[in-house]
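[1] From the sequence below, what's the structure:
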Amino acid sequence: MEERTVKSIKRYLQDDGVRERIQQNMQRGHLEATVTIGRVANLFNIKESKLRDWENRRLLKPARSKDVTGQRQYTPTELDKLAIIKELIDEGDFSPADIPENIEEIWNEICPPNTPQPRPMGSDDNKPEHKYIDLRIQNSYHKDLFWRYYASHVLRLSLMLICEDISFTRAGLIVPLRQKDIPASAPPTEELPKVGESIVGWLGLSRSFYTFLTPAPEFRYASDFHILQLMSIGESESKDNTLIVVPRMEAEARPLTLSNYVVETIRRLLEPLYNEVPDWNLYLGTGMRDLLDPLIDFNSGTNLPDVILTNIAERVVCLGGKTAEGQYRWRFCCILVPNNPQLPLQHRSLAVRAKTKDAPLDYKIGKTIVTPDTPILSISLRAFQSGRIIYRHMATVEDTSIVHLEKEQPIGSAIAIPVGGEDGVPLAVMYIVSAEADAFSKNDQYLLRMVGRMVEELLLTYNARLQVTEKFTNLITNPGVVDPTFEDFASENDFIQDVEDLLSMMKVLAENKEIIRKEDLTDPAVLKKVEQSSDAVSFIAIDIDNQTSLANKYGYQMTKNLSRAVGLKIQRQLHVLFTNPSDYKLFHIYADRFFLLLKGVSLEKARATADLLKQALSGSYQIDALRSSIELPPMSANVLVPAEITVRLVVASYQYSHLAIVLRRYPTETALASTSALIARSLDDVLNVGQNKGGDVVISWDPKIWGFIPWHHPSRLFEGKDNI
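    Sure, this is the predicted structure:
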């Protein structure tokens, strides 16, 4: 026995929670156990075959009855030893080979016989169990989290696989935990409770998923559902107790037929639920359960192991099955994640983020890196960059793509499974090694792809949780800005507020001003006076033409970056056109639409400004197609030059005296809001008309006709129906 393993066991057994559980199991043995192997198996939830195996390893030494049967007799001392062994294997992730024969001596050294024992079970039942905060957190994260995660996800993935071709409105999987004999046929729905304690996975009408443990599955209206055994088309009898539940009417209309590879994959995924957890009440039983949202930031520099990823890797090894000699077919598994997802795909290295206990000792979490900066890429990087499974059915010294061949011995075959990537860049790679050649069949690859979906969902969940927990300071200091792309521009809210402030001021400015009526504009002198008057407020609305087709061609990120580039160019042009910054203000309204407020600027000058802006804004732009432009230097590796863009502009100008009249149309309490909304709506409506006419145009208010027309054409476009 290695000294290092003994030290590890001692360190594990020194944990307060571990000692408490072992003492409770010892006490249970003293209070309830009988001496027969069958009674011990029931008491500790252990198969008799395991007890015999541990006896063969000399971990247990039961006596034999003196009668003719020679039955095994377990003394209280052996039961105490069994409680320690069970804890080390079930919760401590030690194998029977790791445990020394004198384990009880190690236990007595850590917890001497005179150590105070836990309260007898059943005493003070009404008093809630107290746990120290740090111990409760440790148990929730390290003990409970994985099996809850695995059970819910493997049941959901299995149901989605079953229902992929036939979309049942509802469906369920029932995993009976106590049945030993496989029934010849599925039970009638009304007799379903007889299957006993079961894990239930249920896909609801909304496609929400539910996982729970029940002592006896039962439906209120049994006739609404149909029970099926998990069987493929060619099977005459089921190989396990798993049951499928579907609505009866839908099952009769669309019979469920499952292929062999689907059924075998599901059986292998469900096998740990049957065989690896002796008591599911610890994880899914009734009563209070701690709410835990797991999260780890792989790019923060932390090298902490992730409990869910690590346990998934361990399950991968178990799912591979065993050889005739009882050894696992697959020796170890590592899960590798990009250490810098911001880099281009070909430049990303992969870091080991989870590994099984039998992985090479040199492999360190967060520190072992597979890099593309080598002449020959490893099969993990090949899988990551190609988005395909890379399989070496026979590992040889000549194949240098298995970069750590010497460390991974004995190695007969290896496989790398990209995780995710169906709709983009892969998120991770699962790397599995076997001592045997040809150890990964097609059915094995089906199974590993399903496990990969679990890893994919976990990593996507981590990314989503990271995104919503970032930059809380910005949320507090600038709550109005959600997307920072256009943070440099005033917003639509600012536009409404500034227009209302201006309208409020106009009530005073409009006093004693000459009111120009529509009929007065037949006089050319009056019309010219209106067009040149600075006793007015003007607006220019700007929109990029054909933005939808650009988005379809280059993607949303590029068009958003293009809109920002256009806005920045407008700002630069305004600095040149106006000497006084207080004369103008630019607002980003939404998408590719901007409004420009020009205080004290005549219609004539506003038209000239629009014409200059149209010439300056049309043309080609160098835009990053993948990442936000605010996060990048002016030029980046993802630059493209789209087709030349054009813009359409709308010019509107209003005399102060006329706006004062409009304000009086509305009740005092709504006058400012109604008038500002009318101005904004008018700009939007005319921009849409310009789009319908093909864009690349300046449309201006014409006081002579009391409507909008294309500025460069004398023909009349239309007369506004609700102009102000």
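[2] CA only for contacts and neighbour counts going forward, please
    OK.
[3] now the helices: where do they sit in the stretch 401-550 of the chain?
    Along the stretch 401-550 of the chain, the segments classed as helices by DSSP state H, counting those that start in this stretch run 442-468, 472-477, 492-509, 524-532, 547-554.
[4] Save the ones you listed as JSON lines, and put in mean neighbour count too.
    As requested, the helices of the stretch 401-550 of the chain are exported to JSON lines (neighbours: other CA atoms under 10 Å):
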{"stretch": "helix 442-468", "mean neighbour count": "17"}
{"stretch": "helix 472-477", "mean neighbour count": "10"}
{"stretch": "helix 492-509", "mean neighbour count": "16"}
{"stretch": "helix 524-532", "mean neighbour count": "16"}
{"stretch": "helix 547-554", "mean neighbour count": "14"}
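[5] Serialize the ones you listed to CSV and add fields for mean pLDDT and distance to Leu291.
    Output for these, formatted as CSV (pLDDT from 0 to 100; distance: least, CA to CA, whole Å):
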stretch, mean pLDDT, distance to Leu291
helix 442-468, 93, 15
helix 472-477, 77, 23
helix 492-509, 85, 39
helix 524-532, 57, 68
helix 547-554, 83, 41
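[6] Rebuild those as TSV, extending it with distance to Lys614.
    Output for the helices of the stretch 401-550 of the chain, formatted as TSV (distance: least, CA to CA, whole Å):
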stretch	distance to Lys614
helix 442-468	38
helix 472-477	35
helix 492-509	22
helix 524-532	20
helix 547-554	16
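[7] of all those, which lies closest to Asp696?
    With CA to CA as the criterion, Asp696 lies closest to helix 547-554 of the helices of the stretch 401-550 of the chain, at 12.6 Å.
[8] which stretches of this protein have low pLDDT?
    1-2, 27-35, 65-69, 113-130, 507-534, 626-643, 711-724 (pLDDT under 70).
[9] what does the domain assignment say about it?
    In terms of domains, the chain is parsed into 3-110, 144-284, 307-468, 484-710 (source: automatic domain parsing).
[10] Which of the helices or strands spans Ile106?
    Per DSSP states H and E, Ile106 falls inside helix 103-110.
[11] Let's have the domains of the chain in a markdown table, adding distance to Gly301.
    Listed next are the domains of the chain as a markdown table, based on distance: least, CA to CA, whole Å:
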| stretch | distance to Gly301 |
| --- | --- |
| domain 3-110 | 26 |
| domain 144-284 | 24 |
| domain 307-468 | 8 |
| domain 484-710 | 21 |
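[12] start to end distance for stretch 163-177?
    Terminal residues of stretch 163-177 are spaced 23 Å apart (CA to CA, to the nearest Å).
[13] Can you name the residues in contact with it?
    The contact list for stretch 163-177 (CA atoms under 8 Å, 6 or more residues apart in numbering) reads 155, 159, 195-205, 241-247, 250, 254, 256, 274.
[14] Narrow those residues to those that are buried.
    Neighbour-count burial (16 or more other CA atoms under 10 Å) applied to the contacts of stretch 163-177 gives 155, 159, 195-203, 241-247, 250, 256, 274.
[15] Just those: which are in strands?
    Among those, DSSP state E puts 198-203, 243-247 in strands.
[16] before we move on, the earlier item: out of the helices of the stretch 401-550 of the chain, which comes closest to Lys605?
    Per CA to CA, nearest to Lys605 of the helices of the stretch 401-550 of the chain: helix 524-532, 7.6 Å.
[17] Output the contacting helices and strands for the strand or helix carrying Ser657.
    Using DSSP H and E, Ser657 sits within helix 656-663. For helix 656-663, the packing partners by 3 or more CA pairs under 8 Å, 6 or more residues apart in numbering; DSSP states H and E come out as helix 492-509, helix 671-692.
[18] could you dump these to CSV with distance to Leu173?
    Shown next, in CSV, are the helices and strands packed on helix 656-663 (distance: least, CA to CA, whole Å):
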stretch, distance to Leu173
helix 492-509, 51
helix 671-692, 54
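[19] Indicate which one of the ones you listed is closest to Lys180.
    Within these, the stretch nearest Lys180 is helix 492-509; the backing value is 67.9 Å (CA to CA).
[20] now the closest one, how far from the centre of its chain.
    In this view, helix 492-509 has its centroid 44 Å away from the chain centroid, taken as CA atoms, centre = their mean, to the nearest Å.
[21] cool, stretch 241-261 as well?
    Counting by CA atoms, centre = their mean, stretch 241-261 comes out at 30 Å from the chain centroid.
[22] Same question for stretch 459-479.
    Counting by CA atoms, centre = their mean, stretch 459-479 comes out at 13 Å from the chain centroid.
[23] quick one: contacts of it?
    294-297, 427, 481-482.
[24] Span of that stretch from start to end?
    28 Å.
[25] Please apply the same query to stretch 171-186.
    Calculated as CA to CA, the first-to-last residue distance of stretch 171-186 is 16 Å.
[26] Would you mark the buried spots in that stretch?
    171-177, 179, 186.
[27] Identify the farthest-apart pair in these.
    The largest separation in the buried residues of stretch 171-186, counting by CA to CA, is between Ala171 and Gln179 at 22.0 Å.
[28] mind checking how far Asp293 is from Gln327?
    Here Asp293 is placed at a distance of 35 Å from Gln327 (CA to CA).
[29] Ile623 too?
    Ile623 is 57 Å from Gln327, by CA to CA.
[30] the more surrounded of these two?
    Legend: neighbour count by other CA atoms under 10 Å for Ile623 and Gln327, higher for Ile623 (26 against 10).
[31] Torsion angles phi and psi at that one?
    Note on Ile623: its backbone torsions stand at phi -130, psi 140 [degrees, to the nearest 10].
[32] Much appreciated, bye for now.
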